[in-house]
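Engineer: quick one, fold the following:
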Amino acid sequence: MTTIPTLVLNQLDESARGPSDYSHWVIPKLLLASAYPGERNPNAHKLLIRKIIDVGVQVVVNIMEIEELKRFTPYKDLMLQLAKEEKQNNLICFFDDLENREIEFISFPIRDQSVHQVNQCVLDFCLELCDRIKRGQVVLVHCWGGHGRTGTIISIMIGILFNLNSEEAISMNRRLHDQRIYTNGIASPETQ
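Structural biologist: Prediction:
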């Protein structure tokens, strides 16, 4: 039985930095916001995916459209392979029960520079992700740059989990986002 974790927003310091230079922890060791988790260089790509596995990610949420993914290095098969190898070699110490370590992939496509057209769908989706976090699942949410679409979803989740109004949730998301090593000067979310 998993103990329900105490949910706290991350500190506004270097501890908010995620496993990549383009990611940050919203809730320490539970909710990770990120740019697309991939690299063109195969060695750098494998290293990045290994870092994501090592922090215990169990649910990878992709907010990009399928057509967008064609120009990126795929991560799903490598992620599953590395998780399986680490489980077989008992290298994963983040989980008490290695046999039940699995990674789930969820797609919730939103057009780049846009918002989903059905507010209730977005709310239901965010509520589902919040329930997973409350159950102790480690969730990574990403789009292309990890600023706009990801920032919107993360802001909604912050509002739900911490009972904040939209302005407070967006402000907190922006402050956490700005702890990344690289933001490329882009706010999160990009639009309001």
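Engineer: how about the helices in the chain?
Structural biologist: 42-54, 66-69, 76-88, 119-134, 148-162, 166-177 (DSSP state H).
Engineer: for the lowest-mean-pLDDT helix or strand in the chain, the distance to its chain's centre please.
Structural biologist: Ranked by mean pLDDT, DSSP states H and E, the weakest helix or strand in the chain is helix 76-88, scoring a mean of 87. Mean-position distance between helix 76-88 and its chain equals 18 Å (C-alpha atoms, centre = their mean, to the nearest Å).
Engineer: quick one: it to helix 42-54, angle?
Structural biologist: Angle between the axes of helix 76-88 and helix 42-54 is 60 degrees (criterion: axes from the mean of the first three to the mean of the last three C-alpha atoms, to 10 degrees).
Engineer: nearest residue to the middle of this structure?
Structural biologist: residue 140 (2.1 Å; C-alpha atoms, centre = their mean).
Engineer: how much space is there between that residue and residue 30?
Structural biologist: 10 Å (C-beta to C-beta, to the nearest Å). Where you see a C-beta, it was placed from the backbone N, CA and C, and this is true even at glycine.
Engineer: same check on residue 125?
Structural biologist: 17 Å.
Engineer: just the CA atoms of stretch 113-126, as CSV, please.
Structural biologist: The C-alpha coordinates for stretch 113-126 follow below in CSV (Å, rounded to 0.1, in the frame of the first residue of the first chain):
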residue,chain,number,x,y,z
GLN,A,113,0.7,28.0,-29.5
SER,A,114,-2.9,27.1,-28.7
VAL,A,115,-5.2,25.7,-26.0
HIS,A,116,-7.5,22.7,-26.0
GLN,A,117,-10.9,23.6,-27.3
VAL,A,118,-12.9,21.8,-24.6
ASN,A,119,-12.3,23.2,-21.1
GLN,A,120,-14.0,20.2,-19.4
CYS,A,121,-11.7,17.8,-21.1
VAL,A,122,-8.7,19.7,-19.9
LEU,A,123,-10.1,19.8,-16.3
ASP,A,124,-10.8,16.1,-16.3
PHE,A,125,-7.3,15.4,-17.6
CYS,A,126,-5.7,17.5,-15.0
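Engineer: looking at it, residue 15 is touching residue 24, isn't it?
Structural biologist: No: judged on C-beta atoms under 8 Å, residue 15 makes no contact with residue 24 at a distance of 9.8 Å.
Engineer: shaky segments in this structure?
Structural biologist: Low-confidence segments of the chain, defined by pLDDT under 70: 1-7, 90-101, 184-187, 189-192.
Engineer: change it to 90
Structural biologist: 1-16, 83-102, 111-119, 175, 178-192 (pLDDT under 90).
Engineer: centroid-wise, who is the farthest residue in this structure?
Structural biologist: residue 89 (25.8 Å).
Engineer: how far away is that residue from residue 49?
Structural biologist: Per C-beta to C-beta, residue 89 is found 16 Å from residue 49.
Engineer: go on, residue 68?
Structural biologist: For residue 68 relative to residue 49 (C-beta to C-beta), the value is 19 Å.
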